[in-house]
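In: following is a predicted model, sequence given first.
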Amino acid sequence: MDLDDALETFIVECRELLEDMETALLGLAGAQEKDELVNAIFRAAHTIKGSSGLFSLDHIVAFTHVVESVLDKVRGGKVALDDKLVVLLLACCDHMGNLVNGVAGGDMKGGADLLAPGEPLIAQLREYLDAPKKEATQASTTGAIAQNDAQQVQRINADSANADHWHISVRFGPDVLRNGMDPLSFIRYLGTMGDITGMATVTDALPGAEQMDPELCYLGFEMAFQTAVGKAEIEKVFEFVRDDSRLVILPPHSLISEYINLINLQQGDAARLGDMLVQCGTLSAQELDMALNSQADTPAKPIGTILVEQGSVQPEVVEAALSKQKQVRETGAAESKSIRVDADKLDQLINLVGELIIAGASVNMIAHRARVVELTEATSKLATLVEDVRDSALQLRMVKIGATFSRFQRVVHDVSRELGKDIGLVIDGEETELDKTVIEKIGDPLMHLVRNSMDHGIEPAEVRAARGKPVQGTLKLNAFHDSGAIVITVQDDGGGLKRDKILAKAIERGLVDAGHHMSDSEVYALIFEPGFSTAEKVTNLSGRGVGLDVVKRNITALRGTVGLSSEEGVGTTVTVRLPLTLAIIDGFLVGVDKAVYAIPLDMIEECIAFSAEPGHDYTNLRGQVLPFIRIRELFSVPGLPAKGENIVVLKHAGQKAGLVVDTLLGEFQTVIKPLGQMFAQSKCISGSTILGSGDVALILDVPQLVRQAMARGGAAASGATRQLEMPSS
């Protein structure tokens, strides 16, 4: 593999691991069982450290090693994972992310400005590492250990700061002396391979003097052994008494991470657990055979459990091997199902599909003009295949909005502490899919809305308590599909908007006339005006009148709309409606004189024949008033209306309005082309498309049309509603 490609893969995977790590840290507060989350956090940090070592990124390895050491103590129950430590670990995630970003920018060693923020974090982490350990479970480091094989073997000097020695626990069989073996000779031979730094003689099996047989061996030894040789070489020392004795060899505690690292570096298919442990050197073949023989008597017991009970392997190493085994299996399954594709290549594919649709429409038009049956059938089949290709290509760009929502877990966590408020985030609709390009551009507007709800919307705890509300405020993010669009809501249970205060501020700034009557929705919409703010003081989050107008402008640029509803004392809900895709849609063509217009098919309720009283901008639709707007008048199309006009019934955000057109031309696969800067201020037009004839058709902005129709015919429609409801005489 090319080193640059490998480094790019490393950066992508590190960022994904840091996201997983952050998500797990934020999920600890509400988790019933925290062990799995803690293990996931540890594995993420360990993987980043190991991968960084492969690229000689020593500055990342050094920092992550300290984080990993603290997490190891958390896993072992030696350090409590409280809120303070969670905040510290989140800060460490941020710093690790900055280090990775530095590598992405070409800084492979870490400059002083990049490393400096990590120094206070390391100092805080070391406070947890240097904290007094729990009292040793043994009364004495040289105390006796019970003969019972089921009892856990305790390491000599287990309470020392850095136990870097092997621990050998041996119980000689009773017939060792009769077989001509001297137990002390094995210990002397060990001395030729390294240093025995501690030894305790275990005499628990020694009977009373009257029952003792001088030809039998009752002794056992616990030894701390420092050596450079491996486990297999140590085991060979006791080769002649292996079958008659019980031998447990524990590797140095400080090397557990190295064994785990060796397991993580193993390549190939998912091996059996025992084979993985033998390959990394933490388990000998004889110990594995003994465990397998034991499993034959209890088939239901996992081999990993038997190895831990047997004392052959530490639980952490077994857990790492199981995780690696699972990871290899999942990776193998994922590799067979998915591949990484560069986003630019995907965009190019969508563009080519769009051009294919336009060319296909041209071919279809020529076929109909030629009136050749075989050609018409072939082009019809081709159009169907092109439509399938279009749907498949667009599906490739659809991503779940859950990843975007998850970013706000951290935002709520940090901002709530900055504001001194207790706020919880509830997320629904994570599985809702949206076009990648829309996802990329909606993050910042949603960030403004979330922070605004936390700052302005949700009250401090004491105010909530005085109003009889739960002390913890709730912020809800939800996403769902509706009429060919995606709806995202940001809802809080705060104090709501104060209508009178907003209106007074708007009158003061000259945005509305003092005597002008406005509905609640119109008043609330004023907060999206540039520079509008009712904040009494400027904070780091709000009060400058910058933010919500940017939100509206960015959402409008995505052909979306933003609305707001609020109830004072209850809460506020901001509703954002966005198109599912910005590239290709199913459209419906309509004609006015010689001009052709396209309407998104998902926003059309039905088409009906035109009927209305002269001079009225509304009609009776099955007992309901339907305000409408005439395209001919809206765009000043010359000529007189054609006989047999039609009304296209549009729907948007629960409202209906009509569009009066001359002719209905049918469905059409619409490739959305952006308008030039010259047409940026054009209202009721969201884009253009190219027809099969090569002509350009304008795509109508349905939300804007519905709002304009409602505004024009609102008063007249209200009067008409009263007339429709009036009983006939």
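Out: Sure, I can see it. Every value quoted in this text rests on a predicted model; they were computed, and no experiment measured them.

In: which positions within stretch 9-25 qualify as buried?
Out: Neighbour-count burial for stretch 9-25, with 16 or more other C-beta atoms under 10 Å as criterion, is recorded at 10-11, 14-15, 17-25. (Glycine included, C-beta is placed from N, CA and C.)

In: distance from that stretch to the middle of the chain?
Out: What separates the centre of stretch 9-25 from the centre of its chain is 10 Å, taken as C-alpha atoms, centre = their mean, to the nearest Å.

In: next one: stretch 349-369
Out: Remark: stretch 349-369 is offset 38 Å from the chain centroid, using C-alpha atoms, centre = their mean.

In: residue with max distance from the center of this structure?
Out: No residue in the chain sits farther from the centre than residue 210, which is 71.0 Å out by C-alpha atoms, centre = their mean.

In: so how far is residue 216 from that one?
Out: 14 Å (C-beta to C-beta, to the nearest Å).

In: likewise residue 489?
Out: Counting by C-beta to C-beta, the gap from residue 489 to residue 216 is 80 Å.

In: with neighbour numbers in mind, choose between the two.
Out: residue 489 (19 against 15; other C-beta atoms under 10 Å).

In: now that one: phi and psi?
Out: Phi and psi for residue 489, reported as degrees, to the nearest 10, are phi -120, psi 140.

In: secondary structure element for the closest residue in space to residue 54 that isn't next to it in sequence?
Out: Residue nearest to residue 54 in three dimensions, not counting chain neighbours: residue 10, with 7.7 Å by C-beta to C-beta, 6 or more residues apart in numbering. Using DSSP states H and E, residue 10 sits in helix 3-27.

In: now do the very next helix or strand once past that helix against helix 3-27, angle only.
Out: As assigned by DSSP H and E, the chain's next helix or strand after helix 3-27 is helix 35-54. Using axes from the mean of the first three to the mean of the last three C-alpha atoms, to 10 degrees, the inter-axis angle of helix 35-54 relative to helix 3-27 is 160 degrees.

In: quick one: average pLDDT of helix 35-54?
Out: The pLDDT scores in helix 35-54 average 85.

In: helices or strands next to it in the packing?
Out: When contacts are defined as 3 or more C-beta pairs under 8 Å, 6 or more residues apart in numbering; DSSP states H and E, helix 35-54 packs onto helix 3-27, helix 58-75, helix 256-265, helix 315-337.

In: tell me which residues of the helix or strand just after the last one are tucked away?
Out: Using DSSP H and E, the helix or strand that follows helix 315-337 towards the C-terminus is helix 343-370. Residues of helix 343-370 classed as buried: 349, 350, 353, 354, 356, 357, 358, 360, 361, 363, 364, 367 (neighbour count, 16+ other C-beta under 10 Å).

In: test my guess that the fifth one contacts residue 389.
Out: What it means is residue 356. Yes: the pair residue 356 / residue 389 is scored as a contact, 7.2 Å apart, by C-beta atoms under 8 Å.

In: ok so, going back, so which of the buried residues of stretch 9-25 comes closest to residue 283?
Out: residue 17 (27.8 Å; C-beta to C-beta).

In: what's the spacing between residue 17 and residue 10?
Out: For residue 17, the distance to residue 10 equals 10 Å [C-beta to C-beta].

In: again, but for residue 666
Out: Look at residue 666 and residue 10: by C-beta to C-beta, they are 53 Å apart.

In: same deal with residue 68?
Out: Between residue 68 and residue 10 the computed distance is 17 Å (C-beta to C-beta).

In: can you classify the closest residue in space to residue 509 that isn't next to it in sequence by secondary structure?
Out: Nearest non-adjacent residue to residue 509, counting by C-beta to C-beta, 6+ apart: residue 532, 7.2 Å away. For residue 532, the assignment made with DSSP: H, G, I helix; E, B strand; the rest coil gives coil.

In: just send the buried residues of helix 343-370 back as TSV, with pLDDT too.
Out: Formatted as TSV, the buried residues of helix 343-370 follow (pLDDT from 0 to 100):
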residue	pLDDT
349	89
350	86
353	89
354	87
356	90
357	88
358	87
360	88
361	86
363	89
364	87
367	89
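
In: how many residues are close by residue 638?
Out: Neighbours of residue 638 (other C-beta under 10 Å): 7.

In: need the contact list for it.
Out: Contacts were defined as C-beta atoms under 8 Å, 6 or more residues apart in numbering; by that measure residue 638 touches residue 593.
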